[in-house]
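Trainee: Can you look at this prediction? I've put the sequence above it.
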Amino acid sequence: MNDIILIGLNHNTAPVELRECVSFSDSDNDEALKTLKDLPEIDEVVLFSTCNRVEILSTTKDKPGAIESIIKFISEYHRVDINSLRDHLYIYKGDEAVRHLLRVASSLDSMIIGEPQVFGQVKEAYNAALSKNSSGLILNRLLQYAFSVAKRVRNETGIGDGAVSISYAAVELGSKIFHELEGKHVLLIGAGEMAEIAIEHLISHKVGSIFVANRTFDRGVDLAKKFNGTAIRFEEIIDYIEKTDVVISSTGSPDFVVTREQVKGAMKIRRNRPIFFIDIAVPRDIDPDINQLSNVYVYDIDDLKDTINENLEDRKKESIKGERIVDEAVIQFNEWRESLDIKPTLLALRKKIQSIAENEIEKTLKSLDNLSKEDYESINRMMDSFINKILHDPTLFLKSNEFKSNKSLTIDFIQKIFNLGKLK
Amino acid sequence: MAWLFYTTLIVYSISLIGYFVYLFKQNNQIFKWSFFLLILGFLFHTATVIYSYVITGYIPANDLKGTLLIAGWIITGTFLAFQHKFQFKILGIYTAFLSTLIILIASQLQDVPAESKNIFNSFWLVSHIITIFIGYAAFALAGGAGLFYLFQEKALKQKTKGFFFKRLPSLELIDNSGYAFITVGFTTMTIGLITGMVYAHLIWGKFWSWDPKEVWSGITWLLYAALLHGRVSGGWRGKKAAIMAIVGFVVLLFTFFGVNLFLKGHHGEFTKF
C-alpha cells in the first residue's frame, strides 16, 4: 500500500532567511511539481508554499527513498546546503502527515491561529496539482477532506473569532459602541500608515464623511483626496469633533492634541451622542482622562494591543477543540484508506447486497402468510446462493492481478458505484 | 384551566433554560429554539387568559394570581412585539426570566373569587388594566435594557471585555431600544392613568382621591416624564438614562406591589391572596 509522507518547514522550524530561500513562487510551482512527479519513488505529489511555510505532500511505495530524493530536490532546486536544510525540516509519515496537513488547512498551525488566508492558499496548491495531474486518488481525497475538516473547525470553534490586528480591533470595538458604522462620520488627525489602514477598513464599512486634519495642510489635502474626504485646518479640530463619531489620531505631537475640556464642551453640543477616539500615536495625542467623560470612549495603542492579545489567547483556547476535530478526522481518513483494499471492499459489497436482499424478502414475506417453515428456509437459501452468484465474478476480478497497476483507483471506483465509501 | 397554566409555566421554563444555554454557547440554533418556545409559551399563556375570561366572564385581575397572570402575559407580548423591531436577542433571557418567575409565583397562589363581578366588566376598567400593564411591561423591559447597558458600558470604559462584551449588542442599540421602551411605556401609562381616572369618576364621582396607589403612580409617571424630557431636551442618554430606567423600574415595582401590600387603598382589590 502507498504511504503518505509530508516534508516541510515553517515559521517554527526555520528562520525567515531560509524560508525565503526555499519558497516556491507561482512560476516555480509548475516546474517543481513536474520534477517531483517524475521522481521514480513518488506516485502523487502536492506542493504548498507560502511566506511562512513550504510543504511537500506525497505518496510513495518507498518511504526512505522518497524522503531522500525530496530533500535532495529542495536543496538542489534552491541551491541550499543539504545538511543545514535538514536541520530545519520536519518529516511526517502516515497518520502524522495527514494530521499535519489537516492542521495546516484548518489554520491551527498558522503563526496567527485561525487566520483565514491559509485555507485559500492550500486550495490553490491543490488546484495547481490537479491541473498538472501530479496528485491522484489518495491526495485528491485527502485535500478535499482537509477542506471540509477546515470548514468544520472554523464553524464549530471560535478560532477565527476576535480581531487580531489593530484596525480590526478598532472596528470591532466601534461596532460595540455604534449599532452600525455605516453613516458615522470620521475625523483623521495626522497621518500614519496604521491610521490609513484603519480608515480604509472603516471605509469598507461605508462610513459617512471623512475629515482629515494635518499640521501641514497640503499633506492633509492629499490624504483627504485619497479617501474621498475633506481636508480641514489643524486649528479646526475641535469644531469637527462636534460633528464626528469616530476620531483616529496619529500625529507626531509631543503633547496632547485634544484635551478633556475641549471634548467636554463638544459633548454638550453633540447632546451626548457617543464618540469613539482611537489614539494610535506614541506619545499619545488624546488625553486619556477624556475616557472618564460619559459617552466618550478612548482607546490608545496599548489598549488595542491588549484587546488583540486577549483575542489571541481566546483563539488558542478554542484551538483545543479544533485539535480534537482534527484527531477524529485523522482516524476517519485512516479508516477510509484501510477500506481501500480488496478484502474490506468485498466485505462491504457483500454486506450491502445482503442487507438489500434481506429487506426485500422481509417486505415480501409480510404479505405471504401461508408459508410453512420449510418454505421460509428454501427462500432464504435461494437468497444466499443468489448473493454468492452475484459476487462470484467481482470476487474473481478483484483477486486477479489484472488491475494491479491502478489498484486504488479501481477499488475506489467499485466503492463509488456501490456507494460503499465511508469518508464524507 | 390548570393544565393550560402549568403548560405555560413549563414551556416558559424550558425557554429560559434554552436562553441560558444560548448565553453561554452563543449558538444561533439554540437561540431560535428558545425564542420559538417563548412564543409557544406566550400562546399557551394567551389561551390561559382567554379561558379564564370565558369561564368567569371578566378579566382575571381580581386577585394577585390573576393580576400576575395578566402582567406576565403582557410583558412577554410586549417583548415579542419589540423583538421584531430590535435585534436585541439577549433581552429574551430577561423576559423569559420575568415571565417564568411571575407565573411560578402565581402558581403558588390561590384563586380568590371576585366580590363584585360588575366592577371588572367596565370598558374603562378593562382599558385601564390593559394599558397600565403594557406600560409596566415596557418599563420592565427598559429596566432590563438599562441593566445590560451598564454591563456593556463598563466593559468598554474599563477595557476589560469579560463575559458580556461579545454577548451583548452595541451600546447604541441597547440605548435606542431602552428609549423606545420608555416612550411606549410612558404613552400607554398616560392612557392607563386617564382611563383609570375616568373609571374612578364613574364609580366614586371624582377623578383623583389621593389614594396611595394614585400617588405612587403619579410619582412614577413624573419620574418617567422627567427622564423623557431630559432625553429630548438635554441629551440624557447612555449611562445616565440607563440608571434612570433601572431606578424607574424599582419605583414601579413598589407602585405595583409595595403599595398594595404595605399601604391600604382601593387597589388592594387586585392583589388579594
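Mentor: Sure thing, it's come through.
Trainee: Going by proximity to chain A, name the top residue of chain B.
Mentor: Closest contact between chain B and chain A, by Cβ to the nearest Cβ, is at residue B:235 (3.1 Å). Heads up, the C-betas are built off the backbone N, CA and C, glycines and all.
Trainee: excluding its backbone neighbours, what's nearest that residue?
Mentor: Leaving out its chain neighbours, the residue that sits closest to residue B:235 by Cβ to Cβ, 6 or more residues apart in numbering or on different chains is residue A:271, at 3.1 Å.
Trainee: Please apply the same query to residue B:162.
Mentor: The spatially closest residue to residue B:162, leaving aside those adjacent along the chain, is residue B:155, at 5.4 Å (Cβ to Cβ, 6+ apart).
Trainee: what does residue A:187 give?
Mentor: With Cβ to Cβ, 6+ apart as the criterion, residue A:187 has its nearest non-adjacent residue at 4.1 Å, and that residue is residue A:244.
Trainee: Does the one you found touch residue A:183 like I think?
Mentor: No - between residue A:244 and residue A:183 no contact is recorded; they are 11.9 Å apart, counting by Cβ atoms under 8 Å.
Trainee: quick one: contacts for the residue nearest to residue B:235?
Mentor: The contact partners of residue A:271, taken as Cβ atoms under 8 Å, 6 or more residues apart in numbering or on different chains, are B:234-235, B:237.
Trainee: Please apply the same query to residue B:131.
Mentor: Residues in contact with residue B:131 (Cβ under 8 Å, 6+ apart) are B:188-189, B:191-192, B:195.
Trainee: tell me, what residue is most central in chain A?
Mentor: For chain A, residue A:119 is the residue whose C-alpha lies nearest the centre (Cα atoms, centre = their mean; 3.3 Å).
Trainee: That residue is in contact with residue A:153, isn't it?
Mentor: No - look at residue A:119 against residue A:153 with Cβ under 8 Å: they stay out of range, at 9.9 Å.
Trainee: Need the overlap of contacts for those two.
Mentor: Common neighbours of residue A:119 and residue A:153 are listed as residue A:107 (criterion: Cβ under 8 Å, 6+ apart).
Trainee: Which single residue of the stretch 51-200 of chain A ends up nearest chain B?
Mentor: Checked against chain B (Cβ to the nearest Cβ), the nearest residue in the stretch 51-200 of chain A is residue A:179, 4.2 Å away.
Trainee: Surely that residue forms part of a strand?
Mentor: No - the assignment for residue A:179 is coil, going by DSSP: H, G, I helix; E, B strand; the rest coil, so no strand is present there.
Trainee: give me the number of residues near it?
Mentor: Using other Cβ atoms under 10 Å in any protein chain shown as the criterion, residue A:179 is surrounded by 19 other residues.
Trainee: for it, what are its contacts?
Mentor: Under the criterion of Cβ under 8 Å, 6+ apart, the contact list for residue A:179 reads B:169-170, B:172-173, B:176.
Trainee: Those residues: which ones sit near chain A?
Mentor: On the criterion Cβ under 8 Å from any Cβ of the partner chain, B:169-170, B:172-173, B:176 are the entries of the contacts of residue A:179 that sit beside chain A.
Trainee: In helices, which of those residues fall?
Mentor: Using DSSP state H, the subset of the ones next to chain A among the contacts of residue A:179 located in helices is B:172-173, B:176.
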